[in-house]
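Asker: with the sequence up front, the predicted model follows.
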Amino acid sequence: MSSFHVKAIRSLQAELSVPGDKSMSHRAAIIAGLADGQGVVTNFLPSEDCINTLHAMAALGVAYEVLEEMPGFGPTVMRIHGLKGELQAPSKEIDCGNSGTGMRLLAGLLAAQPFESTLFGDESLSSRPMGRVITPLSQMGAKIEAQGEKPGCAPLKIYGQKLKPIHYEMPVASAQVKSAVLLAGLFCEGETTVVQPADTRDHTERMLEAFGVKTQREGQAIHLQGGQIPQARDFRVPGDISSAAFWIVAASAMPGSRLLIRHVGLNPTRTAIIEVMRRMGATINVVSSGSLDGEPIGDLEICGAALTGTEIYPEEVPNLIDEIPVISVAAAMAQGKTQIRNAKELRVKETDRITTVVKNLRLMGGEVEEFEDGMEITGGHPLRGATLQSYGDHRIAMAFAIAGLFAQGETVIENTACVNTSYPGFVKHLQAVMNHETDPAAYELPKSAH
Ligand code: S3P
């Protein structure tokens, strides 16, 4: 079983780019596959999650040619031949692996198709709540059976049929649910509306727009007229800010560090990590910025400092949800208390991320109080190396690799193959960061994970 062995470094001086955005790669595979015509997707994330979604689209009849690959992982550039919205019945059950995004978005898409299909996933995914998509899709007329051992959980047997549009007020702030309903709404006659209780990532709306599908935003409501067919185009996926977050935290919490991250997505529904690190005392500059294929992108310069604790505001939580494990590591390094509340959603991610963060931080000597909806971390206690479990959760494995960069003695993280779920090449970047400390001449951080 693979593991990380991490030792402390004194500062981080690096320039890097991270692999493509996970959320956008799922959507690019789906939307390009639905489009009228062919287009090239560049910087696709060749992670297990996104490759599963690509394979799912292939199982629905979408052809693609791989033009470039990240060796050992999978395609990064491919030409996708869209089916003009006319998907074919799959010949077998569709494997979504570890991915909640893949399963929920595909459930929306498949509920509206004139055929039956089944989505299944690994043990973690089979225990995550699918009722949150089944409820609105059922209101649209879908017939979906959750066949898992746990009620409301995968496998999902989907009896696809013609759906009717709805006006849906989401009880949880979930981009996955919003996207599932919008994708189903594409196949309805009339207007589908989703109202979100707080801002959630808006990649689906932006990518649909980029592919010529109009959506309208009115306050927290998103409206979409059914019957539109995405028009094929080329699409470049920016670097994933949720992957960059590991290095942003490492550099932010090490005084004297300077890190440059190139070509990362800076969509405002994803950048709260920058605000939080600034509040804690780091200097983060957007040194160049622009927009590419409908998404804001740019380069970030991060200068480290002695951090102080902060409070995470309720409205920030959906924007930060994937970064909270690594923010908790920053909090352990900061002087004073950091409050993370209103984050119950963490309990239904790849693991219960409140429990897994609290367990690992405590094993390293961190002081943390657990709440049903979050935690309070009292920082400033020196962290000590420990042997930790990833619990099969990619973000837990990587967050605690970063904690190991601050700890006295060696930190071992066990069961780390899961990082390939979102960040193929993470171990290379980690090794480059650690080698710098022992042999500056050998320090060549790859400019990308390729
Ligand atoms: C995602 C949305 C988030 C996030 C997940 C990816 C997406 O989940 O945690 O990693 O691509 O839509 P929720 O929207 O369900 O909170």
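Answerer: Sure, I can see it. Treat the numbers as computed from the prediction; the structure is a model and nothing was measured.

Asker: so what's Ser91 up against?
Answerer: Ala59 (CB atoms under 8 Å, 6 or more residues apart in numbering). Backbone N, C-alpha and C define where each C-beta goes, glycine included.

Asker: hmm, try it at 6 Å
Answerer: With contacts defined as CB atoms under 6 Å, 6 or more residues apart in numbering, Ser91 has no neighbours.

Asker: host element of it?
Answerer: Ser91 belongs to no helix or strand when assigned by DSSP states H and E.

Asker: for Leu259, same thing?
Answerer: With DSSP H and E as the criterion, Leu259 is inside strand 258-265.

Asker: which elements pack onto that strand?
Answerer: strand 13-16, helix 241-252, strand 295-303 (3 or more CB pairs under 6 Å, 6 or more residues apart in numbering; DSSP states H and E).

Asker: what residues does the longest one touch?
Answerer: In this case it means helix 241-252. Everything outside helix 241-252 that qualifies as a contact, by CB under 6 Å, 6+ apart, is 12, 18, 257, 259, 261, 264-265, 270, 273, 277, 282, 302, 304, 322-323, 326, 330, 398, 402, 405, 423.

Asker: how about stretch 107-123 as PDB, C-alpha atoms only?
Answerer: C-alpha atoms of stretch 107-123 as PDB (Å, rounded to 0.1, in the frame of the first residue of the first chain):
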ATOM      1  CA  ALA A 107     -27.900  11.100 -12.500                       C
ATOM      2  CA  GLY A 108     -29.400  14.400 -13.700                       C
ATOM      3  CA  LEU A 109     -28.400  13.800 -17.300                       C
ATOM      4  CA  LEU A 110     -29.500  10.100 -17.400                       C
ATOM      5  CA  ALA A 111     -32.900  10.700 -15.700                       C
ATOM      6  CA  ALA A 112     -33.900  12.600 -18.800                       C
ATOM      7  CA  GLN A 113     -32.800  10.000 -21.400                       C
ATOM      8  CA  PRO A 114     -35.100   7.600 -23.100                       C
ATOM      9  CA  PHE A 115     -33.400   4.500 -21.700                       C
ATOM     10  CA  GLU A 116     -32.500   2.700 -18.400                       C
ATOM     11  CA  SER A 117     -29.100   3.000 -16.800                       C
ATOM     12  CA  THR A 118     -27.400   2.200 -13.500                       C
ATOM     13  CA  LEU A 119     -24.700   4.200 -11.700                       C
ATOM     14  CA  PHE A 120     -22.500   2.600  -9.100                       C
ATOM     15  CA  GLY A 121     -19.500   3.600  -7.100                       C
ATOM     16  CA  ASP A 122     -16.900   2.500  -4.500                       C
ATOM     17  CA  GLU A 123     -17.600   1.900  -0.800                       C
END
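
Asker: that stretch near the ligand anywhere?
Answerer: No: judged by CB under 6 Å from any ligand atom, stretch 107-123 and the ligand are separated, with a smallest distance of 11.4 Å.

Asker: what distance separates that stretch from the centre of its chain?
Answerer: 21 Å (CA atoms, centre = their mean, to the nearest Å).

Asker: same deal with stretch 246-266?
Answerer: In this view, stretch 246-266 has its centroid 18 Å away from the chain centroid, taken as CA atoms, centre = their mean.

Asker: okay, now it: how far is its last residue from its first?
Answerer: 15 Å (CA to CA, to the nearest Å).

Asker: stretch 382-391 now?
Answerer: Using CA to CA, the two ends of stretch 382-391 sit 24 Å apart.

Asker: go on, stretch 411-418?
Answerer: The first-to-last residue distance of stretch 411-418 comes to 17 Å (CA to CA).

Asker: likewise stretch 303-312?
Answerer: Stretch 303-312 has an end-to-end distance of 21 Å (CA to CA).

Asker: swap in stretch 335-351?
Answerer: Chord length of stretch 335-351, first to last residue, is 28 Å (CA to CA).

Asker: list the buried residues for that stretch?
Answerer: 337-343, 345-346, 348-351 (16 or more other CB atoms under 10 Å).

Asker: check stretch 359-378 too.
Answerer: So for stretch 359-378, counting by 16+ other CB under 10 Å, buried means Lys359, Asn360, Leu361, Leu363, Met364, Gly366, Val368, Gly374, Met375, Glu376, Ile377, Thr378.

Asker: which of those residues lies closest to the ligand?
Answerer: Closest approach between those and the ligand, by CB to the nearest ligand atom: Gly374, at 14.9 Å.

Asker: isn't the closest one right up against Ile340?
Answerer: Yes: counting by CB atoms under 6 Å, Gly374 does reach Ile340; the two are 4.3 Å apart.

Asker: pLDDT weak spots in the chain?
Answerer: 437-450 (pLDDT under 70).

Asker: let's see it at 50
Answerer: 442, 446-450 (pLDDT under 50).

Asker: for it, which segments count as helices?
Answerer: 22-34, 48-59, 100-111, 131-139, 175-185, 203-210, 241-252, 272-280, 317-320, 324-333, 353-363, 394-404, 426-438 (DSSP state H).

Asker: next, the buried residues of stretch 115-135.
Answerer: 117-122, 124-130, 132-134.

Asker: who in this protein is up against the ligand?
Answerer: Ser23, Thr101, Ser174, Ala175, Gln176, Ser179, Thr200, Arg201, Ile321, Asp322, Glu345.

Asker: could you rerun that using 8 Å?
Answerer: 22-23, 26-27, 100-101, 104-105, 132, 172-179, 200-201, 203-204, 242, 318, 321-322, 345, 349, 422 (CB under 8 Å from any ligand atom).

Asker: most proximal residue of the stretch 351-450 of the chain with respect to the ligand?
Answerer: Closest point on the stretch 351-450 of the chain to the ligand, by CB to the nearest ligand atom, is Ser422, at 7.9 Å.

Asker: is it true that that residue touches Ser47?
Answerer: Yes: the criterion here is CB under 6 Å, and Ser422 meets it with Ser47 at 5.3 Å.

Asker: identify the contacts common to the two.
Answerer: By CB under 6 Å, 6+ apart, Ser422 and Ser47 have no common neighbours.
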